[in-house]
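>>> Next input, structure requested:
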Amino acid sequence: MHQSENTPSDVLQFWFGSTDLGAMPSKEVRSRWFQRSDDFDREIELRFSSAIGRAIEGKLSNWESSLDGQLGLILLCDQFPRNIYRGSAQAFAGDPRALKISQSMADVDWQGQLGLHQRAIFGMPLEHSERSDIQRQSVAYFLRLRQDFARDKPGVSPEDTQAAESYYRFARAHQDVIEQFGRYPHRNLALGRESTPAEQQWLEQGGGF
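So this is what the prediction gives:
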C-alpha cells in the first residue's frame with residue numbers, strides 16, 4: 001500500500017499491534033515506544049512519512065469523524081514526528097493539531113471504549129504542551145487514568161495499575177519542569193532557543209525526557 005493511502009487501522013496496527021481500541025499491547029510492542037531506536041524510527045519514516053505530513057497539514061481531517069481516526073491522528077501528529085524528526089523543530093510541528101484533538105476529547109465520556117494505553121496516548125499532547133494551564137489538564141487527565149486503573153477496581157491487573165501509576169508520575173514530572181522553567185529546556189537547541197544558566201545546569205545533570 002502506498003504511504004498516502006494509509007488508514008487509521010494501519011497506524012493503530014503498527015503502534016499497538018491491534019486495531020482493537022481496547023486491546024492490551026504486548027510488552028514487546030510497548031517496549032519500542034519510548035526508547036530510542038534508529039531502526040524503529042526508520043520504519044516509521046518509511047511507512048508513514050507521507051501520512052504524517054498530510055496529517056500535520058490538515059489534509060486528513062476526515063479521520064476526525066471516528067475515534068480510531070482521532071487516535072491515529074494523534075500518533076501521526078504528536079508521536080511519530082518525535083521519532084523521525086528527532087533533534088529538529090519538525091518534531092513538534094504537529095503538536096497544535098494533536099493538542100486540539102486531545103483537548104476536544106478530554107472531557108468526553110469515551111474512556112470506556114479504550115484500553116489503558118490507548119487512553120494514555122490520547123493524553124500525550126496535553127503532557128507535551130509548554131502551557132501551564134494545559135499541564136494542569138494533563139495531570140487531571142492522568143490522575144483519572146490512575147484512578148480508573150487502581151488495584152481495587154474490578155478486572156484491573158497489577159500490571160495495569162503499575163502502568164497507570166507510571167503514566168501519572170510522568171505527567172507530574174512534565175508539569176514540574178514547566179512550573180520550574182516555563183518551557184522544556186531539552187527542546188531549546190532544536191527550536192533555536194538560548195538556554196538560561198539554570199536550564200543549562202539542569203540539562204547537564206541529565207534533565208529531559
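>>> How about the residue nearest the centre of the chain: what's its closest non-neighbour residue?
Centroid check for the chain by Cα atoms, centre = their mean gives residue 124 as the closest residue, at 3.5 Å. Of all residues not flanking residue 124 in the chain, residue 78 sits nearest, at 5.6 Å (Cβ to Cβ, 6 or more residues apart in numbering). C-beta here means a position set from N, CA and C on the backbone, and glycine is covered the same way.
>>> now residue 177
Once flanking residues are discounted, residue 177 sits nearest to residue 184: 6.1 Å by Cβ to Cβ, 6+ apart.
>>> What about the one you found, how many residues nearby?
20 (other Cβ atoms under 10 Å).
>>> And for residue 153?
That count, for residue 153 with other Cβ under 10 Å as the rule, works out to 12.
>>> list the contacts for the residue nearest to residue 177?
Contact analysis of residue 184 by Cβ atoms under 8 Å, 6 or more residues apart in numbering lists 130, 174, 177-178, 208-209.
>>> how near is it to residue 199?
9 Å (Cβ to Cβ, to the nearest Å).
>>> now do residue 147
Taking Cβ to Cβ, one finds residue 147 at 33 Å from residue 199.
>>> Comparing the two, which shows the higher neighbour count?
residue 199 (21 against 11).
>>> Isn't that one up against residue 181?
Yes - the pair residue 199 / residue 181 is scored as a contact, 5.8 Å apart, by Cβ atoms under 8 Å.
>>> By mean pLDDT, point me to the weakest helix or strand of this protein.
helix 95-106 (a mean of 90; mean pLDDT, DSSP states H and E).
>>> elements contacting the helix or strand following that one?
Later in the chain than helix 95-106, the nearest helix or strand by DSSP states H and E is helix 116-128. Contact analysis of helix 116-128 by 3 or more Cβ pairs under 8 Å, 6 or more residues apart in numbering; DSSP states H and E lists helix 8-16, helix 67-74, helix 95-106, helix 132-148, helix 158-181 as its packing neighbours.
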